[in-house]
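# Sharing a model prediction with you, sequence too.
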Amino acid sequence: MNMESNAFEDLERDKRRYEEALRILGNRSTTVFTLVLLPERLPIEETHSAIKGLRKLNIPVQALVENQCILPEVIEGNRFLASRAKLQARYMEEIDTRFGDLVRLRLPLLDRDVSDLSTLRKVGEMLYGE
């Protein structure tokens, strides 16, 4: 192993940066860690796993955002959307049960991607108000 003389110093610097990042992410008074998931089976399991992993690092997850929830008022006789909404409702109940100790917010399924500033602001207003 041919390591330069400052390689160990670089490793020590990286270790300090890593530890500082963990300290900041684990501080509830300065950091809120929020996960985003869809009301579907796999994202629920991935979220559960992520929360467990972050907990091992002493990083508390404080909130969840359930994204792309189909609202009843947009179904308008569409059997596919009605079926998906019914399935989502079961998963939303499971999310409420499994993650009941976390703040949970729901965002509706939008008619376009959040890929521009105006749509991002719209989502921000939905989550946090004006």
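Looks like it arrived, so ask away.
# got the residue ranges for the helices in this structure?
Along the chain, the stretches classed as helices by DSSP state H are 7-25, 41-56, 79-98, 117-128.
# which other helices and strands contact the shortest one?
Using 3 or more C-beta pairs under 8 Å, 6 or more residues apart in numbering; DSSP states H and E as the contact criterion, the secondary-structure elements in contact with helix 117-128 are strand 103-108. C-beta coordinates here come from the backbone N, C-alpha and C atoms, glycine included.
# Pull out the buried positions in the strand it packs on.
Residues Arg106 are the ones in strand 103-108 that count as buried (16 or more other C-beta atoms under 10 Å).
# can you give me phi and psi for Leu57?
Main-chain dihedrals, Leu57, degrees, to the nearest 10: phi -90, psi 10.
# and the gap between it and Tyr18?
Noted for Leu57: a distance of 10 Å to Tyr18, by C-beta to C-beta, to the nearest Å.
# out of the helices of the chain, nearest to Pro108?
Among the helices of the chain, the nearest to Pro108 by C-beta to C-beta is helix 117-128 (7.8 Å).
# and this structure, what are its domains?
Listed domain ranges for the chain are 1-31, 32-128 (source: automatic domain parsing).
# Redo these as JSON lines? Include mean pLDDT.
JSON lines is the format used below for the domains of the chain (pLDDT from 0 to 100):
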{"stretch": "domain 1-31", "mean pLDDT": "87"}
{"stretch": "domain 32-128", "mean pLDDT": "95"}
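# Looking at these, which one is packed in the most?
For the domains of the chain, ranked by mean neighbour count under the definition mean count of other C-beta atoms under 10 Å, the leader is domain 32-128 at a mean of 14.
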